[in-house]
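Undergrad: Any chance you could fold what I've pasted below:
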Amino acid sequence: MTTSGHASSSRPAPLTKPDGSPIRVLVVDDEQSLTDLLRMALRYEGWDVRTAADGHAALGVVRDFRPDALVLDVMMPGLDGLEVLHRLRAQNDDTPVLFLTAKDSLDDRLAGLTAGGDDYVTKPFSLEEVVARLRGLIRRTALTSAANTPIITVGDLELNEDSYEVSRAGTPVELTATEFELLRYLMRNPRRVLSKPQILDRVWSYDFDGRASVVELYISYLRKKVDAGRDPMIHTVRGAGYMIKAAGS
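TA: Prediction:
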């Protein structure tokens, strides 16, 4: 897991509930060092965070704390994450769940989603990715204040997640749906190198069986539309992947 810091210039506006109170998040993992890091990162977002070290403890905290979102490890001794989720859904608890898993296979990922989970991240992961995924889940529940902006900004590039509009230095940039999703993923992770497998998995979904060359193709499409005639923002890190950052930074 990486722990790179937040870029203040592109940090999204804080998410709160409509009444202004903080979002409540429960993090469940039997590895204390990991829960400590996640608690620190999520509190940095201004959220109220509790932790639990196993599935049985998690169910008790859910009853008392009534979290707005759960970060739930799949592999735990005793009551694992899938069983915790099963029990919650059996009680008509539809709290959004982000799974943490060390497993890579398609079947393992789909197991959590078909059990009623909402998203997953595979270990090792970055704290920024967990935060971004949680923000997305929370937005989709319509829990947050309407005052929160759907706009992501990196340098002079602006992306509106609600209207699907993109502009650079005030000039509209027309993108296809796939180009938009690729750019959104890059912009949610500014100054972070994203590998081709990461991009394929996130943008082309779990069942995509194409070659990594499709990433190169769509990166070239984005460059022609975002960087054409301007200082470049989309960069290739040879042998590692791609990164977006403000021009000249």
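
Undergrad: drop to CA atoms for contacts and neighbour counts, all remaining ones
TA: Fine.

Undergrad: where do the strands sit along the chain?
TA: For the chain, applying DSSP state E gives strands covering 24-28, 48-52, 69-73, 97-101, 119-122, 151-154, 157-160, 165-168, 171-172, 234-237, 241-244.

Undergrad: dump the residue contacts of Lys196.
TA: Lys196 makes contacts with Ala212, Val215, Gly241, Tyr242, as judged by CA atoms under 8 Å, 6 or more residues apart in numbering.

Undergrad: scratch that, Glu45
TA: By CA under 8 Å, 6+ apart, the residues touching Glu45 are Pro14, Leu15.

Undergrad: quick thing: my sequence starts at 53, can you match it?
TA: All set: I'll call the first residue 53, so the last point we hit is now Glu97.

Undergrad: who's in contact with the most centrally placed residue in the chain?
TA: Most central in the chain under CA atoms, centre = their mean is Arg185, positioned 2.2 Å from the mean C-alpha point. Neighbour list for Arg185: Leu150, Asp171 [criterion: CA under 8 Å, 6+ apart].

Undergrad: okay, the strands of the chain in a markdown table with mean pLDDT next?
TA: Compiled in a markdown table, these are given as follows (pLDDT from 0 to 100):
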| stretch | mean pLDDT |
| --- | --- |
| strand 76-80 | 96 |
| strand 100-104 | 96 |
| strand 121-125 | 93 |
| strand 149-153 | 87 |
| strand 171-174 | 80 |
| strand 203-206 | 90 |
| strand 209-212 | 93 |
| strand 217-220 | 94 |
| strand 223-224 | 94 |
| strand 286-289 | 95 |
| strand 293-296 | 94 |
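
Undergrad: thinking again about what came up before, give me the pLDDT for the residue nearest to the centre of the chain.
TA: What the model reports as pLDDT for Arg185 is 83.

Undergrad: measure it to Arg240 for me?
TA: Separation of Arg185 from Arg240 (CA to CA, to the nearest Å) stands at 9 Å.
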